[in-house]
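Engineer: got a sequence here, can you model it:
(one chain, ligands or ions: 1)
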Amino acid sequence: MSRSRVGRPSTSEWPTTPPGDPAGAAGETGPRIAVLGTGYLGATHAVCMAELGFTVIGYDVDTAKVARLSVGEVPFFEPGLEELLRKNLESGRLSFTAEIGDVATWADVHFICVGTPQRPSDGGADLTYVDAVVDALIDTGLAPGALVVGKSTVPTGTAAALAARIHAAAPDAELAWNPEFLREGFAVNDTLRPDRLVFGVMPDGAAEARLRAVYAQTIEAGTPVVVTDYATAELVKVAANAFLATKISFINAMAEICDVAGADVLELATSIGYDARIGSRFLRPGIGFGGGCLPKDIRAFQARATELGAADSLAFLAEVDAVNLRARGRAVTLTRSALGGTVDGRRLGVLGAAFKPNSDDIRDSPALDIAAALAADGALVTVYDPAAVPNARPRYPSLNYASSVREAVTGADAVLVLTEWGEFRELDPAALLSYVAGAVMVDGRHALDAARWRAAGWTYHSLGRPAAAPTEADAR
Ligand code: UDX
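Structural biologist: Numbers count the residues shown, from 1 in each chain. As a prediction, the model looks like this:
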């Protein structure tokens, strides 16, 4: 695929509103957009930019991913994304390529959406993919006046270094940093209707005006915009994730205290959540956070702070991480004690494999970590998840997999709910009794109504709540 730039307005002539032209590429008037990297962030961003009316090409070195996206298949589970992908492919506004030459000189705006995985050595962010894509753009050549926009989560200082490299190779090209805050399962909504837009730009450049043109519809809808420098924009993303991780670990630390004090962490969380200064979101106790962002981001943030000589400032994040990992260990211990002290040779039905519901993502999944630890202890573990089994099976071969709740729990001595899918919340405890060998429920996510399950004859266990409702005899 190659496209000429004939008839294009120069970047300084970008309209302040995007085209929104249903005729698509034929009638394009707004900036041409390339999205570099078509993983979770990039695929969603490319689709949403096309949905906003721009002509978009998504680029990835992974030819299999490009091939699937090109025929309208989303390579991961994200509600609503596939429909929008197909709609925008059909409109002609969206296409995908594995050739950097198709996008480098073609696009006016390049969004960098490649991954920044955890470095095994020190937990810092591995910038290999960011560097590779910027080098590829520079080597192939950028269009005059192109804007490169970083969206990947990077250590602070990355944008300044990239800007210097881009400037040396293409003096009239500009870099901006525009972090992305999308949550899996809500990716389309979070991209089209974000809480805020953060633009990290150089003073006196054209980047702010150009970004305002790209996001004109979002801004008109009332989304607040923070215009700042590169370092702050980079930090906003990791600070937000560090805060969310801290909030979750705070309530899980409270669950540990509740366990030793005989208190109830759910009632505690509800009560403190009513304080508007605290708020109830991200205060759900359980087996803790996982996924491709929070665990890696708090480690990369600490690694960067250490490089900058400010390790003490983020020392508390090591404790946040430790509390989080301890929650997984506590779930294993709870299961053991629920089964009389050992799981060796016992059958366990595990409901949930994804790191959270409405996702097939198993990266750093607490559910699978716990299931694998129980299998290593000698348990015969069978896992069911509505979406994540195909991803889990090759990564966790010590586990058995089922294609339904019923299959997973049949003959089980205990059932564990480790991802709070709606399907599990709605289970009928009385109906499930006829399949299990033992009516023992370990609810790792506080997803079930404890009283209802107990009333149906189950022993119900969870972290941070009394093993059974206190009786008058306990009070005496
Ligand atoms: C997160 C951030 O929310 C998002 O803004 C950022 O851009 C990427 O990282 P995501 O990884 O999709 O998004 O998941 P999120 O919904 O934040 O959940 C993260 C983990 O925390 C999950 O494992 C979830 O189960 C857990 N969690 C969340 C809790 O244990 N308790 C809570 O109260 C909330």
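
Engineer: what residues does the stretch 351-476 of the chain have near the ligand?
Structural biologist: Contact residues (CB under 6 Å from any ligand atom) of the stretch 351-476 of the chain with the ligand: Phe355, Lys356. (Each C-beta comes from the backbone N, C-alpha and C, glycine too.)

Engineer: repeat the analysis, applying 8 Å as the threshold.
Structural biologist: With CB under 8 Å from any ligand atom as the criterion, the stretch 351-476 of the chain comes near the ligand at residues Phe355, Lys356, Pro357, Ser359, Asp361, Ser365, Pro366, Thr419, Glu420, Arg445.

Engineer: just those residues: which are in helices?
Structural biologist: Pro366 (DSSP state H).

Engineer: among the residues of the stretch 351-476 of the chain next to the ligand, which pair sits farthest apart?
Structural biologist: Asp361 and Arg445 (16.0 Å; CB to CB).

Engineer: just to revisit the earlier point, and which of the residues of the stretch 351-476 of the chain next to the ligand is nearest to Ala160?
Structural biologist: Asp361 (31.3 Å).

Engineer: got the contact list for the closest one?
Structural biologist: Residues near Asp361 by CB atoms under 8 Å, 6 or more residues apart in numbering: Tyr40, Phe76, Phe77, Glu184, Gly291, Gly292, Ala354, Phe355, Ala388, Asn391.

Engineer: which residues touch Thr218?
Structural biologist: Shown in contact with Thr218 (CB under 8 Å, 6+ apart): Leu52, Leu192, Arg193, Pro194, Leu197.

Engineer: selecting buried members of those residues in PyMOL, what would you type?
Structural biologist: Selection of buried members from those for PyMOL, criterion 16 or more other CB atoms under 10 Å:
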select buried, resi 52+192+194+197
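
Engineer: from the contacts of Thr218, which ones fall inside strands?
Structural biologist: Leu197 (DSSP state E).

Engineer: CSV please, covering the contacts of Thr218 and showing distance to Gly345 and pLDDT.
Structural biologist: Below are the contacts of Thr218 laid out as CSV (distance: CB to CB, whole Å; pLDDT from 0 to 100):
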residue, distance to Gly345, pLDDT
Leu52, 57, 96
Leu192, 51, 96
Arg193, 51, 96
Pro194, 50, 97
Leu197, 55, 98
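
Engineer: could you dump the contacts of Thr218 to JSON lines with distance to Ile278?
Structural biologist: Formatted as JSON lines, the contacts of Thr218 follow (distance: CB to CB, whole Å):
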{"residue": "Leu52", "distance to Ile278": "36"}
{"residue": "Leu192", "distance to Ile278": "29"}
{"residue": "Arg193", "distance to Ile278": "25"}
{"residue": "Pro194", "distance to Ile278": "24"}
{"residue": "Leu197", "distance to Ile278": "26"}
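
Engineer: check the contacts of Thr218 one by one and keep those near the ligand.
Structural biologist: Counting by CB under 8 Å from any ligand atom, no member of these is near the ligand.

Engineer: what about the strands in the stretch 251-400 of the chain?
Structural biologist: Here the stretch 251-400 of the chain has its strands, by DSSP state E, counting those that start in this stretch, at 347-351, 380-384, 400-401.

Engineer: so which of those strands is the most surrounded?
Structural biologist: Most buried of the strands of the stretch 251-400 of the chain by mean neighbour count (mean count of other CB atoms under 10 Å) is strand 347-351; its value is a mean of 28.

Engineer: how far off centre is that one?
Structural biologist: Centroid separation between strand 347-351 and its chain, computed with CA atoms, centre = their mean, to the nearest Å, is 26 Å.

Engineer: okay, now the sheet partners of it, with direction.
Structural biologist: strand 380-384 (parallel), strand 414-417 (parallel) (DSSP bridges).

Engineer: count of neighbours near the closest residue to the ligand within the stretch 301-450 of the chain?
Structural biologist: Nearest to the ligand, among the residues of the stretch 301-450 of the chain, is Lys356, at 3.9 Å (CB to the nearest ligand atom). Counted with other CB atoms under 10 Å, the neighbours of Lys356 add up to 20.

Engineer: show me where pLDDT drops low in the protein?
Structural biologist: 1-29, 469-476 (pLDDT under 70).

Engineer: which one of the contacts of Asp361 is nearest Ala408?
Structural biologist: Among those, and counting by CB to CB, the member closest to Ala408 is Ala388, at 13.0 Å.

Engineer: that closest one against Ser359, yeah?
Structural biologist: Yes. Using CB atoms under 8 Å, Ala388 makes contact with Ser359 at a distance of 7.3 Å.

Engineer: overlap in contacts, those two.
Structural biologist: Phe77.

Engineer: who in the stretch 101-250 of the chain is up against the ligand?
Structural biologist: 153, 180-187, 190, 237, 240-241, 244-245, 247-248.

Engineer: those in helices, which ones?
Structural biologist: Per DSSP H, these map to helices at Ala187, Asp190, Lys237, Ala240, Asn241, Leu244, Ala245, Lys247, Ile248.

Engineer: of the residues you listed, select the buried ones using a ChimeraX command.
Structural biologist: Entered in ChimeraX, the line below selects the buried ones among these, by 16+ other CB under 10 Å:
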select :187,190,237,240,241,244,245,247,248
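
Engineer: could I get the ones in helices among the residues of the stretch 101-250 of the chain next to the ligand as CSV with distance to Tyr460?
Structural biologist: Below are these laid out as CSV (distance: CB to CB, whole Å):
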residue, distance to Tyr460
Ala187, 34
Asp190, 34
Lys237, 39
Ala240, 35
Asn241, 32
Leu244, 28
Ala245, 28
Lys247, 26
Ile248, 22
